[in-house]
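K.L.:
I need the structure of the sequence given here:
(3 chains)
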Amino acid sequence: MRLPRSFYARTSLAVAPDLLGLHLVHRDGATLQIGRIVETEAYMGPEDLAAHSAGGRRTARTEVMFGPPGHAYVYLIYGFWNCLNVVASPAGVPHAVLLRAVEPVANIASGTWGPGLLCRAMGIDRTLNAIDLRGDVLWIERPRGNGPAVRIGTSARIGVEYAGEWARRPWRFFDRDSPFLSSCSAAARRRAGIA
DNA sequence: ATTTGGATCGGT
DNA sequence: CCGATCCAAATT
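P.N.:
Now for the predicted structure:
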């Protein structure tokens, strides 16, 4: 079942931990690529200096965050990595949740730890920017039976040192039991038996 | 028109 | 730490 619009119509701080354990699904032609979300970060809009929408900055790139919740915000970073965000909060409040890692569930070939690799592995790029997450191309759903309970860990967000005190807020959320986190070293993954 | 720096990653 | 490699935003 796709998540209802109301799920997304809350602050990114509320949405980010609730996304853990849910399934991100991308329809690529006839195949469904599925990943279990295990790491997210909340970006809290105008007052959050780490957010692209800090200060209410409204540009062609950030525009989708000002629209209705439950849409995708996909942007290119460092020249070649795509990053996927979920737009949160009612229209006019530019909140977003960055999806940082998933665990492969179906039809995923390469690594999914870290926001750039996640997009590469699931075939997500800027052509999907602004797409409605209640459509039939990209969506998030609750797995059958809700899946196992998630033990949630938190930390400061990654790669936002420029944001001063905002960088230190514990707005990164992850499944403590997942070996597929972006902060896990390659060695740790090998120990866990993952390519 | 030009410049600058970025919500990354893997290898060293 | 470095390099790969490019777009958006701010500045001239």
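K.L.:
For stretch A:136-143, buried residues please.
P.N.:
A:138-140 (16 or more other Cβ atoms under 10 Å). For the C-beta atoms, the positions are set from N, CA and C on the backbone; glycine is no exception.
K.L.:
measure that stretch end to end?
P.N.:
Stretch A:136-143 has an end-to-end distance of 17 Å (Cα to Cα, to the nearest Å).
K.L.:
check whether the helix or strand encompassing residue A:103 contacts DNA strand B.
P.N.:
For residue A:103, the element it lies in under DSSP states H and E is strand A:95-106. Yes. On the criterion Cβ under 7 Å from any atom of the strand, strand A:95-106 is in touch with DNA strand B at A:96, A:98.
K.L.:
For that strand, give the mean pLDDT please.
P.N.:
Strand A:95-106 carries an average pLDDT of 96.
K.L.:
got it, and stretch A:67-86?
P.N.:
Rounded mean pLDDT across stretch A:67-86 is 96.
K.L.:
now what about that stretch, what contacts it?
P.N.:
Residues outside stretch A:67-86 that contact it (Cβ atoms under 8 Å, 6 or more residues apart in numbering) are A:3, A:5, A:7-9, A:15, A:19, A:43, A:52, A:61-62, A:64-65, A:87-91, A:95-99, A:115-116, A:118-120, A:124-126, A:128-134, A:138, A:140.
K.L.:
Pull out the buried residues from it.
P.N.:
Across stretch A:67-86, burial judged by 16+ other Cβ under 10 Å covers A:69-74, A:81-86.
K.L.:
quick revisit: turn the buried residues of stretch A:136-143 into CSV, columns for pLDDT, secondary structure and distance to residue A:111.
P.N.:
Below are those laid out as CSV (pLDDT from 0 to 100; DSSP: H, G, I helix; E, B strand; the rest coil; distance: Cβ to Cβ, whole Å):
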residue, pLDDT, secondary structure, distance to residue A:111
A:138, 96, strand, 20
A:139, 97, strand, 22
A:140, 98, strand, 20
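K.L.:
Make a markdown table out of those residues and add distance to residue A:147.
P.N.:
Formatted as a markdown table, the buried residues of stretch A:136-143 follow (distance: Cβ to Cβ, whole Å):
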| residue | distance to residue A:147 |
| --- | --- |
| A:138 | 20 |
| A:139 | 16 |
| A:140 | 13 |
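K.L.:
tell me which of the residues you listed is nearest to DNA strand C?
P.N.:
The nearest member of these to DNA strand C, counting by Cβ to the nearest atom of the strand, is residue A:138 at 19.1 Å.
K.L.:
The closest one and residue A:131 touch, don't they?
P.N.:
Yes. Taking Cβ atoms under 8 Å as the definition, residue A:138 is a contact partner of residue A:131 at 5.5 Å.
K.L.:
Show residues contacting stretch A:150-160.
P.N.:
Here stretch A:150-160 makes contact (Cβ under 8 Å, 6+ apart) with A:17, A:20-21, A:41, A:50, A:100, A:166-177, A:182-183.
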